[in-house]
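A.B. asks: below is the structure, and that's it, no one-letter string:
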């Protein structure tokens, strides 16, 4: 099943997917294209180094035109599943409604806590003792789609947002390839807001 990965920055989650693919651990998923809204995104270099097609679709000011260009690029590469890996644009219903249960995103908090940008900063500022990471299906809300997987990550005394985010990313890099592989294999589905894996609640 062909995967399209949307990126905006460094691409460390993309690298986790590329590494899994190189090790034969992503099948039946295959990364068909990496698309960035920023031409200088380091993630593009990661894709090219792995001989994966890398495309730039500038977001501009016209949201509908941007999303149509994304859809066209994904269609050109016969993409069936979309992974948001550090993609820093909010996608509207115009885009996401065309991919029901076929777009996933990682978020550096235990949703529904701290949605949106700067989640690790929010966690530190609120003084919570545990944060974590969430992988979820994407809908037209902001980080509000059905939750596929979550992992807690402790917050230590003296942590800042950067240190916390680094630990959260370690868990993201481990879990994202597993979720992509399961979704491509047809193992995951939604029953309302509940995501189930092979007939039982996803953990």
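C.D. replies: That came through fine. From a predicted model like this one, the values you see are computed outputs, not experimental measurements. Numbering: from 1, shown residues only.
A.B. asks: what residues are up against residue 45?
C.D. replies: By C-beta atoms under 8 Å, 6 or more residues apart in numbering, the contact set of residue 45 is empty. Any C-beta I mention is one placed from the backbone N, CA and C, and that applies to glycine too.
A.B. asks: okay, it and residue 77: tell me how far apart.
C.D. replies: 19 Å (C-beta to C-beta, to the nearest Å).
A.B. asks: and for residue 19?
C.D. replies: Distance, residue 19 to residue 77, by C-beta to C-beta: 21 Å.
A.B. asks: what's the local residue count around the residue nearest to residue 129 when sequence neighbours are not counted?
C.D. replies: Leaving out its chain neighbours, the residue that sits closest to residue 129 by C-beta to C-beta, 6 or more residues apart in numbering is residue 155, at 5.7 Å. Neighbour count of residue 155, defined by other C-beta atoms under 10 Å: 20.
A.B. asks: which phi and psi does residue 155 have?
C.D. replies: Residue 155 has phi and psi values of phi -110, psi 120 when expressed as degrees, to the nearest 10.
A.B. asks: make sure it is actually in contact with residue 123.
C.D. replies: Yes - under the criterion of C-beta atoms under 8 Å, residue 155 makes contact with residue 123 at 6.7 Å.
A.B. asks: which neighbours do these two share?
C.D. replies: Common contact partners of residue 155 and residue 123 (C-beta under 8 Å, 6+ apart): 131, 164.
A.B. asks: what are the contacting residues of the helix of greatest length in the chain?
C.D. replies: Secondary structure assigned by DSSP state H gives helix 161-184 as the longest helix of the chain. Residues outside helix 161-184 that contact it (C-beta under 8 Å, 6+ apart): 1, 3, 12-13, 15-17, 19-20, 25-29, 80-81, 83, 85, 102, 104, 106, 108, 118, 120-121, 123-124, 131-133, 135, 148-149, 151, 153, 155-156, 188, 197.
A.B. asks: try it again at 6 Å.
C.D. replies: The contact list for helix 161-184, computed with C-beta atoms under 6 Å, 6 or more residues apart in numbering, reads 1, 12-13, 16-17, 20, 26, 28-29, 81, 106, 108, 120-121, 124, 133, 135, 148-149, 151, 153, 155, 188.
A.B. asks: what's downstream of it, the next helix or strand?
C.D. replies: Sequence order places strand 188-191 as the next helix or strand after helix 161-184, per DSSP states H and E.
A.B. asks: alright, that wraps it up for me.
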